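Enquirer: sequence plus the predicted model coming up.
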Amino acid sequence: MAAGTYVILMTAPGDRQEGFDRLLEALFEIEGQVDWADTPPRSGRLPQLEKVCTSAEAARLAGDGQKESVLWRDSVGRIALEKAYLYPPGIPLIVQGERITDEAAGLLEIYQQLNFDIQGLKQKGKIEVLTDGQNILPDWEKFKR
């Protein structure tokens, strides 16, 4: 399985050297066919997003009707009410209660263009966010008062 910045290969105790050699040959052949200019960033690093509130706090605010679904590009700076992740391995790029960055929204757009299966969202190409998430203080700011 391959997606984004990773490849998952599965082997078993009964595999022989011949099988590993064929696998290695196939990987080099595939690598030679890839146009690296059209691939997403390969650093393997996930975007670091600011945790503004817990997922429970975000759900409570969403339950008060303070939510809307927006395109990823329009979600930058907003507080997420959904997770967005590629599966496998299932590590989220965005989690509820985090402020969405330009980097995270851009990665989701790239992954969609490459036809990767983005999980955790109710609508394809959109994410639920708080309507007025700009005015929510991060958890640590609450303790300064």
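Expert: Cool, got the structure.
Enquirer: only C-alpha atoms for contact and neighbour calcs from this point on.
Expert: Will do.
Enquirer: tell me where this structure has strands.
Expert: 2-3, 6-7, 50-51, 67-71, 84-86, 92-94, 98-99, 118-119, 126-130 (DSSP state E).
Enquirer: deepest of those, which one?
Expert: Ranked by mean neighbour count under mean count of other Cα atoms under 10 Å, the strands of the chain are led by strand 98-99, which reaches a mean of 26.
Enquirer: that strand: how far from the chain's middle?
Expert: On the basis of Cα atoms, centre = their mean, to the nearest Å, strand 98-99 sits 12 Å off its chain's mean C-alpha point.
Enquirer: helices or strands next to that strand in the packing?
Expert: If you count contacts as 3 or more Cα pairs under 8 Å, 6 or more residues apart in numbering; DSSP states H and E, strand 98-99 packs onto strand 50-51.
Enquirer: picking up where we left off before, as a markdown table, the strands of the chain with mean pLDDT and distance to Glu29 would be great.
Expert: Output for the strands of the chain, formatted as a markdown table (pLDDT from 0 to 100; distance: least, Cα to Cα, whole Å):
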| stretch | mean pLDDT | distance to Glu29 |
| --- | --- | --- |
| strand 2-3 | 62 | 15 |
| strand 6-7 | 70 | 15 |
| strand 50-51 | 92 | 40 |
| strand 67-71 | 93 | 37 |
| strand 84-86 | 88 | 25 |
| strand 92-94 | 90 | 30 |
| strand 98-99 | 94 | 40 |
| strand 118-119 | 89 | 27 |
| strand 126-130 | 93 | 36 |
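Enquirer: got those strands as TSV, with distance to Arg22 columns?
Expert: Below are the strands of the chain laid out as TSV (distance: least, Cα to Cα, whole Å):
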stretch	distance to Arg22
strand 2-3	17
strand 6-7	16
strand 50-51	44
strand 67-71	43
strand 84-86	28
strand 92-94	33
strand 98-99	43
strand 118-119	31
strand 126-130	41
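Enquirer: so which of these is nearest Asp35?
Expert: Minimum separation from Asp35 across the strands of the chain (Cα to Cα) falls at strand 2-3, 14.9 Å.
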